[in-house]
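1. Quick one: sequence plus predicted model below, questions after.
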Amino acid sequence: IAFSPLIVSYTLEILPFHLRAKGFSVFNFAISLSLIFNQYVNPIALDALQWKYYVVYCCWLCFELVFLYFFLIETKNRTLEETAALFDGEDAVENVMGHALHDDKASISHDEKIEA
């Protein structure tokens, strides 16, 4: 479900091209905040709550699991066009296909003359 080191790939895959750089920056900012929290807050909470902090951590993991189950869209075994349709709607697929057809026509119409 993309909750692995491939989460970077998932983040970039679901964002439209014009939002990828900004979305990736927001993603990296969120990851940095999470790392800061884990580095500095977890030891303090573990000292204060001792073994009970593990219950808090397990509850948080359950929350994440439920959130991912209901809100994460699976993109496994889908083409890029199908993924774009899931996130951006059918209009985005037509737009992508239109650009692809335009690029193909431009490359086909190129003629070379070879003189011997």
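-> Right, received. Where do you want to start? Numbering: from 1, shown residues only.
2. what are the ranges of the helices in this structure?
-> Ranges of helices within the chain are 7-14, 20-49, 53-71, 80-88, 90-108, based on DSSP state H.
3. Pipe the ones you listed into CSV and attach mean pLDDT and mean neighbour count per row.
-> Bear in mind the C-beta positions are built from the backbone N, C-alpha and C, glycine included. CSV is the format used below for the helices of the chain (pLDDT from 0 to 100; neighbours: other C-beta atoms under 10 Å):
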stretch, mean pLDDT, mean neighbour count
helix 7-14, 81, 15
helix 20-49, 92, 11
helix 53-71, 93, 11
helix 80-88, 78, 15
helix 90-108, 65, 11
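4. Cys62 versus Val41, what's the distance?
-> Val41 sits 19 Å away from Cys62, going by C-beta to C-beta, to the nearest Å.
5. Enumerate every residue touching Phe27.
-> Shown in contact with Phe27 (C-beta atoms under 8 Å, 6 or more residues apart in numbering): 8, 11.
6. That one and Cys58, how far apart?
-> 26 Å.
7. likewise Phe24?
-> Distance, Phe24 to Cys58, by C-beta to C-beta: 31 Å.
8. Looks like Leu12 contacts Phe24 (just checking).
-> Yes. Applying C-beta atoms under 8 Å as the test, Leu12 and Phe24 come out as touching, 6.3 Å apart.
9. who's in contact with Leu12?
-> Neighbouring residues of Leu12 by C-beta under 8 Å, 6+ apart: 20, 23-24.
10. Oh, that last question was meant for Leu65, not what I typed.
-> With C-beta under 8 Å, 6+ apart, Leu65 has no contacts at all.
11. How far away from the center of its chain is stretch 52-71?
-> Stretch 52-71 has its C-alpha centroid displaced from the chain centroid by 20 Å (C-alpha atoms, centre = their mean, to the nearest Å).
12. likewise stretch 61-78?
-> 12 Å.
13. repeat for stretch 8-25
-> That offset, for stretch 8-25, works out to 6 Å (C-alpha atoms, centre = their mean).
14. cool, stretch 39-51 as well?
-> For stretch 39-51, the distance to the chain centre is 31 Å (C-alpha atoms, centre = their mean).
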